[in-house]
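No sequence on hand, only this structure:
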Ligand SMILES: Nc1ncnc2c1ncn2[C@@H]1O[C@H](COP(=O)(O)OP(=O)(O)OP(=O)(O)O)[C@@H](O)[C@H]1O
Ligand SMILES: [Mg+2]
């Protein structure tokens, strides 16, 4: 292991890691928003929108992110929609993540017993109040494990961004290997940086899960 | 005689074409305790659910204090505040402790003063012997304790009518009594209640009137002694026989 090499190119990885995290976070934030809307459309059986959401989820879940990115980056410009590689990365991640988040939220909502909603209504709550105070808090905490798993999954998926020439971690590693043949060092840095990004998420996630599990659930 | 509080008129309820309630009519006067009995699946739960419009109905009407209770209407939440309901399955909110379960609706729906409702809730909890459980979560309570909390939660909204749907059916035998005692206490206070139960001795003790439902209709509407001693219809006789047989086993 050549430590001089590692020290020399550390800053390059830092920049790339920041880009990966930035695109990852924006993409995930969008995924959550998309997922929430889709889950609501499914849960409330909104006509038309619901069918659209079903089709979207099937497409999104059954195609690889790489192909979704290629489509956004190479095919959309052909019909006049050209975007920067970064924006493509964000949208690609949101397109993929939206369906995973939708499924997580939907199964959380459906796992709340209907009697919970009915008890709330019987107490004189409006539907929106029953949703806000009774159904959603339970649904959200039921979704937490799937939600955390999705975030980790999406952050890992960012490793395909280099395919649309985003200068992310993977791109940097490949580039250095191509230029200097320092395969071991380059990949070592790649692994370390992905761990730095993912381990805290994973640890935080299991902490939150544990807190929720002991906070009065499972009667 | 006290005034009519609840008026159910020609109520028809169908599920997927099957008619469960086929023209149910009865009045409940203020302070009356009505017990509804009938064989399993005859529509007792459905009737209670229609009274506070958890189900849409296909015919007839429900009126509380002269005002219609209509599924999907704008003032439905307002009407439901006057109707307390306790279900067979434990329906406390699992993510809140006992006191928060009780305070949620009075605070969020009725916008009442927190310390005042809290004091009232603690008083009621004490009355059902659970003042030491205020901070417990539902999962830490026995079935009987949960049902008593559910009753207190309903009472804290100051309902004029209480609906109980087999609140002891899921309980272990030794816990049934503690819940029934609470209901007897409420009857003693002059509360208006409609109770669905399979506890026949309790029914006889608490009821001012017994309604017997069969085939979607009220077949008997009589005082408890008449119903249990000399029911008019063959169906009611058969129904009561089942219980006698079970008791002598
Ligand atoms: N949501 C529903 N969809 C379709 N059918 C239903 C629904 N709810 C109830 N039913 C039917 O309506 C009938 C009456 O049900 P209900 O639960 O009111 O009976 P019940 O008298 O309360 O019975 P039990 O004593 O077993 O509680 C049953 O035949 C049941 O299958
Ligand atoms: Mg029932």
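Now that the structure is in, tell me what you want to look at. Everything numeric here is computed off the predicted structure, so don't read it as measured data. Ligands and ions are numbered 1, 2, ... in the order given.

residue contacts, residue B:135?
Contacts for residue B:135 (C-beta atoms under 8 Å, 6 or more residues apart in numbering or on different chains) come out as B:97, B:98, B:99. (Glycine included, C-beta is placed from N, CA and C.)

Hmm, the first one is touching residue B:130, no?
Think residue B:97. No: when contacts are counted by C-beta atoms under 8 Å, residue B:97 is not listed as touching residue B:130 (12.0 Å).

Ligand 1 contacts on chain B?
Proximity of chain B to ligand 1, by C-beta under 6 Å from any ligand atom, involves residues B:15, B:16, B:20, B:38, B:40, B:41, B:42, B:43, B:44, B:45, B:46, B:166.

Surely residue B:42 forms part of a strand?
No: Residue B:42: not assigned to a strand; according to DSSP: H, G, I helix; E, B strand; the rest coil it is coil.

Check the gap between it and chain A for me.
The gap separating residue B:42 from chain A is 21 Å, by C-beta to the nearest C-beta, to the nearest Å.

Of the residues of chain B next to ligand 1, keep whichever come out buried.
B:20, B:38, B:42, B:43, B:44, B:45, B:46, B:166 (16 or more other C-beta atoms under 10 Å in any protein chain shown).

so the first one is in which element?
Using DSSP states H and E, residue B:20 falls within strand B:18-29.

which residues sit against that strand?
With C-beta under 8 Å, 6+ apart as the criterion, strand B:18-29 contacts B:1-14, B:34, B:43, B:46-47, B:50, B:57, B:59-60, B:161, B:192, B:194, B:211, B:213, B:215-218, B:221.

Distance from the chain centre to it, please.
How far strand B:18-29 lies from its chain's middle: 16 Å, per C-alpha atoms, centre = their mean, to the nearest Å.

try stretch A:36-56
Here stretch A:36-56 is found 19 Å from its chain centre; the criterion is C-alpha atoms, centre = their mean.

Pull the number of nearby residues for residue B:128.
For residue B:128, the count of nearby residues is 21 (other C-beta atoms under 10 Å in any protein chain shown).

which residues touch residue A:103?
Residue A:103 is in contact with A:35, A:39, A:57, A:61, A:146, counting by C-beta under 8 Å, 6+ apart.

residue in chain A nearest to chain B?
Here chain A gets closest to chain B at one residue, residue A:124, 3.2 Å apart by C-beta to the nearest C-beta.

tell me the pLDDT at the nearest residue to that residue once chain neighbours are set aside?
Excluding the flanking residues, the one nearest residue A:124 by C-beta to C-beta, 6 or more residues apart in numbering or on different chains is residue B:81, at 3.2 Å. pLDDT recorded at residue B:81 is 97.

Correct me if wrong: residue B:81 contacts residue B:109.
Yes: Residue B:81 lies in contact with residue B:109 (C-beta under 8 Å); the separation is 6.4 Å.

Common neighbours of the two, please.
Common neighbours of residue B:81 and residue B:109 (criterion: C-beta under 8 Å, 6+ apart): A:123, A:124, B:157.

Return the distance of the residue nearest to residue A:124 relative to residue A:121.
Plainly put, residue B:81 is 11 Å away from residue A:121 if you go by C-beta to C-beta, to the nearest Å.

Please apply the same query to residue A:142.
20 Å.

same question, residue A:83
Applying C-beta to C-beta, the value for residue A:83 to residue A:121 is 46 Å.

swap in residue B:241?
According to C-beta to C-beta, residue B:241 stands 38 Å off from residue A:121.

Have a look at the two and say which one is more surrounded.
More neighbours surround residue A:121 than the other of residue B:241 and residue A:121, with 21 against 10 (other C-beta under 10 Å).

My read is that the more buried one contacts residue B:71, right?
No: Residue A:121 is beyond contact range of residue B:71, at 11.0 Å (criterion: C-beta under 8 Å).

Find residues that contact each of those two.
By C-beta under 8 Å, 6+ apart, no residue touches both residue A:121 and residue B:71.

one step back: just give me the closest of the buried ones among the residues of chain B next to ligand 1 to residue A:154.
Residue A:154 lies nearest to residue B:45 out of those, by C-beta to C-beta, at 44.6 Å.

What are the boundaries of the helices in chain B?
Using DSSP state H, the helices of chain B run over residues B:44-51, B:76-80, B:98-108, B:114-127, B:143-155, B:173-188, B:200-206, B:224-229, B:234-248.

The fourth one: which residues count as buried?
For helix B:114-127, burial by neighbour count (16+ other C-beta under 10 Å) applies to B:117, B:118, B:120, B:121, B:122, B:124, B:125.

So is it next to chain A?
No: using C-beta under 8 Å from any C-beta of the partner chain, helix B:114-127 stays clear of chain A, with a minimum separation of 12.9 Å.

Over to the third one?
Yes: counting by C-beta under 8 Å from any C-beta, chain A has neighbours in helix B:98-108: B:104, B:105, B:108.

okay, the angle between that helix and helix B:143-155?
Angle, helix B:98-108 to helix B:143-155, by axes from the mean of the first three to the mean of the last three C-alpha atoms, to 10 degrees: 20 degrees.

returning to what we had before: what's the farthest-apart pair in the residues of chain B next to ligand 1?
Of all the pairs that the residues of chain B next to ligand 1 form, the one spanning the most space (C-beta to C-beta) is B:16 and B:166, at 23.6 Å.

Low-confidence ranges, the chain, go.
No chain was given, so I picked chain A. Across chain A, the ranges flagged by pLDDT under 70 are A:214-219.

actually it's chain B I care about, not the one you picked
For chain B, the stretches with pLDDT under 70 are B:244-249.

Any buried residues in stretch A:50-69, and which?
Going by neighbour count (16+ other C-beta under 10 Å), the buried part of stretch A:50-69 is A:53, A:56, A:57, A:60, A:65, A:68, A:69.

what's the neighbour count on the nearest residue to the second one once chain neighbours are set aside?
In this structure, residue A:56 finds its nearest non-sequential neighbour in residue A:99, 6.6 Å apart by C-beta to C-beta, 6+ apart. By other C-beta under 10 Å, the residues close to residue A:99 number 22.

how close does residue A:47 get to residue A:102?
Distance, residue A:47 to residue A:102, using C-beta to C-beta: 17 Å.
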